[in-house]
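Undergrad: Structure of the sequence below:
(one chain, ligands or ions: 1)
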Amino acid sequence: MQTTGKRSIHSLVLDEITDYLATQNERPYRAKQIVDWLYQRRVGGFNEMSDLPQALRERLAQEFAFGNFETVRVLGSQDTTRKFLFRLGDGNLIESVLIPASPSLYGSTSDRRTICVSTQVGCAYGCKFCASGLDGFSRNLDASEIVQQLLAVEKASGERIDNVVFMGMGEPLANFANVVRAIRIINAPWGLEIGARHITVSTSGLAPQIRKLADEPLQSRLAISLHGATDDVRDKIMPINRKYNLTTLLAACDYYASRKKQRIYFEYILIAGINDAEEQAHLLAHHARRLGARVNLIPYNTVEGLEWSRPSREKQERFLSILRGHQVVATLRREKGHDIDAACGQLRLQTKRSEDGVIIAAVS
Ligand code: SF4
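TA: Sure, this is the predicted structure:
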């Protein structure tokens, strides 16, 4: 969304730019020149596209917005997870997280740098472990606002991103069209050229949209925020489970796996006394084995205003060993962002509340 009411040039795919140029009686090769300026040379405006005729640059500027984010805060250092808080054109705040190489991350191998992008301002889904839902839902991001998170983080950090996870603020599959469009631009050879197997979309469990994604000609990966292996446990953590219960969700995962022939990930945040019982581990292993899913265990990260805590290290390891005992591929992640409020939505919430004049306590 741009405050000017113009469509952002970063939300268009190459064919759409070509079609627009045809309406202007411009040659098709100009489209490739334009995307080169956007995604290879990363210019800051149409006036820098020096091999385009001046008249065309002016027409493009009249027709399209060229969004730029304001970087409000950066937390973290070169060797750690870094969190970026951006202000959008309409004043809304969003977060992106840059995560250093980690073999346990989705699609990541030893030296890949991962960005976790936001897809909405706020979130309507209210998962109980997450700060993004605490302030409600404002609006969807458009494709350009998703793509520009990569451009802005690369510019601010000086580092090249080669792995993308859609796990920041918002439910990606509730913003389906913009997310799919952003993936196309991120994946395209003329765009950001990040391989589809290094792009992972995470969902809280929107079963119909999982089926819709399965029918898209994309090879990106899918992660399910599961967090409970039975309905009674999942109901306590994920309100969406009351709409699409485990049976419905797992049936959608079956459909996705049958269409894509690729591994699904289950995310499972370990919360003391809520979902860390051994029985849950055995049932989780059963679901994962049936689907051939890989499990990422994530110790709970403290959220201001919530009383939950993470299980002891021994209990975490025991949960992991039960999964592995069932021959499930599983990892236990050390939460890299624990010190800098990297849990979804926390930095935005703190900044928004302090800008609103609300005094808040520091998050551990
Ligand atoms: S985990 Fe995702 S879907 Fe759930 S409330 Fe947070 S942002 Fe929304």
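Undergrad: drop to CA atoms for contacts and neighbour counts, all remaining ones
TA: Noted.
Undergrad: Smallest distance to the ligand belongs to which residue of the stretch 201-350 of the chain?
TA: Nearest residue of the stretch 201-350 of the chain to the ligand (C-alpha to the nearest ligand atom) works out as Ser204 at 5.0 Å.
Undergrad: Run a quick neighbour tally on the residue lying closest to that residue once chain neighbours are set aside.
TA: Spatial nearest neighbour of Ser204, chain neighbours left out: Ser225 (4.9 Å); criterion: C-alpha to C-alpha, 6 or more residues apart in numbering. A count of neighbours around Ser225, defined by other C-alpha atoms under 10 Å, yields 18.
Undergrad: repeat for Arg7
TA: Arg7 has 18 neighbouring residues, counting by other C-alpha under 10 Å.
Undergrad: how far away is it from Val13?
TA: 12 Å (C-alpha to C-alpha, to the nearest Å).
Undergrad: what residues are up against the residue of the stretch 201-350 of the chain closest to the ligand?
TA: Going by C-alpha atoms under 8 Å, 6 or more residues apart in numbering, Ser204 touches 125, 127, 171, 224-226, 238, 240.
Undergrad: Distance check, it against Leu173.
TA: Ser204 is 9 Å from Leu173, by C-alpha to C-alpha.
Undergrad: for Ile34, same thing?
TA: Distance from Ile34 to Leu173, by C-alpha to C-alpha: 30 Å.
Undergrad: Repeat that for Ser8.
TA: 21 Å.
Undergrad: Now tell me which helix or strand of the chain has the poorest mean pLDDT.
TA: Least confident helix or strand, the chain: helix 346-355 with a mean of 54, by mean pLDDT, DSSP states H and E.
Undergrad: Show me which of Ser8 and Leu173 is the more surrounded one.
TA: Legend: neighbour count by other C-alpha under 10 Å for Ser8 and Leu173, higher for Leu173 (24 against 19).
Undergrad: May I ask which helix or strand encompasses Val121?
TA: Using DSSP states H and E, Val121 maps to strand 120-122.
Undergrad: How many neighbouring residues does Val295 have?
TA: Residues lying near Val295 (other C-alpha under 10 Å) number 26.
Undergrad: contacting residues around it?
TA: 265-268, 288, 328-331.
Undergrad: Filter those down to just the ones in helices.
TA: Ala288 (DSSP state H).
Undergrad: Of the contacts of Val295, just say which sits nearest to Leu213.
TA: Tyr265 (15.1 Å; C-alpha to C-alpha).
Undergrad: Look at the closest one and say how many residues are nearby.
TA: 25.
Undergrad: what does Ala22 give?
TA: Neighbour count for Ala22, taken as other C-alpha under 10 Å: 13.
Undergrad: With Leu52 as the reference, measure out to it.
TA: Counting by C-alpha to C-alpha, the gap from Ala22 to Leu52 is 15 Å.
Undergrad: And for Gly292?
TA: 51 Å.
Undergrad: now swap in Lys261 and tell me
TA: Taking C-alpha to C-alpha, one finds Lys261 at 44 Å from Leu52.
Undergrad: again, but for Leu291
TA: For Leu291, the distance to Leu52 (C-alpha to C-alpha) stands at 51 Å.
Undergrad: buried ones in the host helix or strand of Lys155?
TA: Lys155 is part of helix 143-157 when elements are defined by DSSP H and E. Residues of helix 143-157 classed as buried by neighbour count (16 or more other C-alpha atoms under 10 Å): 143-153.
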